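Colleague: When you get a sec, could you give me coordinates for this:
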Amino acid sequence: MKEAISVIASLLVFVSYTPYVMDTIKGKTKPHIYSWLNASIVISILFGIQLTEGAGWGSLVTLSAALACFVISIFAFKNGFGYVKKIDTVLFSLSLITLGLWLFADQPALAATLLVAAEVLGFIPTIRKAWNKPYEETLFTWSVNAFRHTLAIFGLATINYSTAVFPVVWASVNLLFSIMLIARRKKLPKT
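Modeller: The predicted structure is shown next:
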């Protein structure tokens with residue numbers, strides 16, 4: 001059963017990110033380079049932690065997300081620098097410092113915490129950009145991702161802090177980000 005849940009959640013990665021990639025190609029969605037580059041690195045490492053900590057098939061979801069983030073980061077190199085502000089550079093730097101601290105973490109739980117913190121710091125530039133330009137993000141992607149991360153928790157072979165912190169935090173972040181996009185779209189006219 002857990003294997004089936006993991007496969008379904010992994011397929012949802014591609015279901016959710018395909019419109020994002022298509023919207024990026026069309027110029028509708030404009031991914032922030034720092035967020036996606038950071039996500040590619042951090043999620044790949046989190047996949048390794050989940051795998052070594054016994055997540056089993058549940059780690060397939062994280063691997064799928066890492067691959068999707070890598071593809072989007074390639075597209076972000078095309079137009080993702082236009083949104084870079086000084087605060088984004090500071091946050092990206094803090095994310096990299098946090099990622100560097102991960103190298104010295106001796107315990108899987110501490111390592112997972114540092115990596116999730118690095119991922120959240122790296123996502124703040126996208127939140128800042130989307131607050132001002134909510135139509136430049138694909139709402140479908142973030143909404144499906146909230147569900148997918150929740151589903152991924154149930155696909156973990158071993159549920160412990162190290163394996164579950166990433167999907168729990170990102171289910172919450174994606175849900176809140178989706179709500180923010182909806183609220184901001186109601187306030188700002190589409191231009």
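Colleague: Identify the residues contacting stretch 157-168?
Modeller: With contacts defined as CB atoms under 8 Å, 6 or more residues apart in numbering, stretch 157-168 is touched by 2, 43, 46, 49-50, 53-59, 61-62, 108-109, 111-113, 115-116, 119, 149-150, 152-153, 156. (Each C-beta comes from the backbone N, C-alpha and C, glycine too.)
Colleague: who are the neighbours in contact with the residue most central in space within the chain?
Modeller: Centroid-nearest residue in the chain, with CA atoms, centre = their mean: Ala39, separated by 5.7 Å. Ala39 sits next to Ala66, Cys69, Ser73, Glu119, Gly122, Phe123 when contact means CB under 8 Å, 6+ apart.
Colleague: so how far is the longest helix anywhere in the chain from its chain's centroid?
Modeller: Ranked by residue count and defined by DSSP state H, the top helix of the chain is helix 161-187. Centroid displacement of helix 161-187 relative to its chain, using CA atoms, centre = their mean, to the nearest Å, is 9 Å.
Colleague: That helix: which residues count as buried?
Modeller: Buried positions in helix 161-187, judged by neighbour count with 16 or more other CB atoms under 10 Å: 162-171, 173-175, 177-178, 180-181, 184.
Colleague: again, but for stretch 3-10
Modeller: Across stretch 3-10, burial judged by 16+ other CB under 10 Å covers Ile5, Ser6, Ile8, Ala9, Ser10.
Colleague: Backbone torsions only: list them for Pro19.
Modeller: Dihedral angles of Pro19 (phi, psi; degrees, to the nearest 10) stand at phi -60, psi -30.
Colleague: I figured it hits Phe140, correct?
Modeller: Yes: the pair formed by Pro19 and Phe140 meets the contact definition of CB atoms under 8 Å, at 5.3 Å.
Colleague: Tell me, what's the model's pLDDT at Gly82?
Modeller: We have a pLDDT of 73 for Gly82.
Colleague: repeat for the one 5 residues further on
Modeller: In this prediction, Ile87 carries a pLDDT score of 94.
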